[in-house]
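Chemist: Just the structure for this:
(4 chains)
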2 protein chains.
Amino acid sequence: MQRNLTKDEKREQKLHVILSNAAKEFIERGYYKTSLDDIARMQNVTKPTLYYYIKNKEDILVKCEQITCGKINSLLDIVMARDISSLDMIQEFINEYIKIITDDVARCHVRHRGQMENKELAAKSIKNHKNIEFRVREIIRRGINDGSIRDCNSTILAILLFDSLNGLTSWYHSDGQVTLDELAEEIIALVTKGVSGR
Amino acid sequence: MQRNLTKDEKREQKLHVILSNAAKEFIERGYYKTSLDDIARMQNVTKPTLYYYIKNKEDILVKCEQITCGKINSLLDIVMARDISSLDMIQEFINEYIKIITDDVARCHVRHRGQMENKELAAKSIKNHKNIEFRVREIIRRGINDGSIRDCNSTILAILLFDSLNGLTSWYHSDGQVTLDELAEEIIALVTKGVSGR
DNA sequence: TAATTATGTTACTATATGGTAACAACATAT
DNA sequence: ATATGTTGTTACCATATAGTAACATAATTA
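Modeler: So this is what the prediction gives:
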């Protein structure tokens, strides 16, 4: 048995359910094809009730983003603090990033990042991602300096890395044939060694 | 001076203008935020006029897809017919694919692929892409056999390759600092050699 | 020139849906 | 017990917009 939840914890929990359900639906049917009525129905409540937990429809995207970017930045904090080569940092990052990103809320964020109708929110969203990309670029740059990473365009590399990692969100499902570990291994091999035969 | 266009050529041309404009707007503002009235206004016509060129709004996505997939499949025909190693085929493919994909109509297709509301159209769209992916996988498989490509999971590799290439559509703009050739070079280096320092 | 077809327009309908106001019931704290 | 804040409801509005019908006109063909 779980101890009784406080009022705030309950609220938090309900918000999380709303976000998960909405995220899943946004991914499967699209943001505009999923109405607030649909989302409310999934919680067995009515639309106005949602407004106790979210400011408006777009706020769902914002909240998904906050949660996901929070996780990614924490991961970067941890990885960058470790006493390992930059190449190893990248590998470690890939390993954990995959785990973070294959979750409905994160998927939803990746798919809708920077697409808010509210210009300010959209700008903030893009900035959020750029910041994460910048931090990874920083690791790459250090790697080029310490020799663990081949001399290359760190900007392009960072982008390509994120494109392939984020691409996972649209095809990887945990119930498929490929496990997360296999996947991570394959990606890391590709990133480090490339595909060349000899 | 250009010779006079036939009726059908004119029609074709107008359709192309509609598709380009719509594609650009769908990318920038989103499919649902761009109304048919908006698109019509760009051509200085009214909404009903569009219906002489397209069946309905979704048909714009379908037509963008047909054009783009046509180009990609032709490219694959050419590349696969050449008498070069499979690794070289992949390199050649990347080189040309980048040129195809950095165009508004292709961008629009990439962004909206498989997202039609009409289930049949969506299924056909996914199939279209899967077929292209399959052909690239076939090149990879041959490459593993002939030794030009390292032993790896061809399915995952094909997907990752397309994810990073298609990712270009959301950040690469020809007016930026990176030229298409530099970009292709960097991607090919990454794919073949990876990033490892030594 | 007459007839037909392609291309365009104005005006409209049907429908969906984000958001809100007003009200109800419940839990909690004093 | 009573007051207060929280969480929920029903009913509604405003607005957007895909698609169509009916009509007008230009262009092409017979």
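Chemist: quick check: domain ranges of chain A?
Modeler: Following automatic domain parsing, one finds the domains of chain A at A:1-54, A:59-193.
Chemist: Are we agreed that residue A:110 is in a helix?
Modeler: Yes: according to DSSP: H, G, I helix; E, B strand; the rest coil, residue A:110 belongs to a helix.
Chemist: deepest of the domains of chain A, which one?
Modeler: Of all those, domain A:59-193 has the most neighbours on average by mean count of other Cβ atoms under 10 Å in any protein chain shown, namely a mean of 18. Placement of C-beta: from N, CA and C, glycine included.
Chemist: so how far is the first residue of it from its last?
Modeler: Distance across domain A:59-193, first residue to last, is 41 Å (Cα to Cα, to the nearest Å).
Chemist: So that domain, near chain B or not?
Modeler: Yes: counting by Cβ under 8 Å from any Cβ of the partner chain, chain B has neighbours in domain A:59-193: A:87, A:90, A:115, A:117, A:140, A:143-144, A:147-150, A:152-153, A:156-157, A:159-160, A:162-164, A:166-168, A:171, A:178, A:182-183, A:186-187, A:189-193.
Chemist: Helices of chain A, start to end?
Modeler: Applying DSSP state H to chain A gives helices spanning A:7-29, A:36-42, A:47-50, A:57-81, A:86-101, A:104-112, A:119-146, A:154-171, A:180-193.
Chemist: just to revisit the earlier point, what's the least confident stretch among the domains of chain A?
Modeler: Lowest mean pLDDT within the domains of chain A: domain A:1-54, a mean of 89.
Chemist: need the residues of chain A near DNA strand C, please.
Modeler: A:7, A:32-37, A:47-48, A:51, A:56-58 (Cβ under 7 Å from any atom of the strand).
Chemist: Now residue A:34: closest residue in space that isn't a chain neighbour?
Modeler: Closest residue to residue A:34 apart from its sequence neighbours, by Cβ to Cβ, 6 or more residues apart in numbering or on different chains: residue A:25 at 4.5 Å.
Chemist: For the one you found, give me its contacts.
Modeler: A:34, A:38-39, A:42 (Cβ atoms under 8 Å, 6 or more residues apart in numbering or on different chains).
Chemist: do residue A:9 as well
Modeler: With Cβ under 8 Å, 6+ apart, residue A:9 has no contacts at all.
Chemist: mind checking how far it is from residue A:15?
Modeler: Applying Cβ to Cβ, to the nearest Å, the value for residue A:9 to residue A:15 is 11 Å.
Chemist: repeat for residue A:186
Modeler: Computed as Cβ to Cβ, the residue A:186 to residue A:15 distance reads 36 Å.
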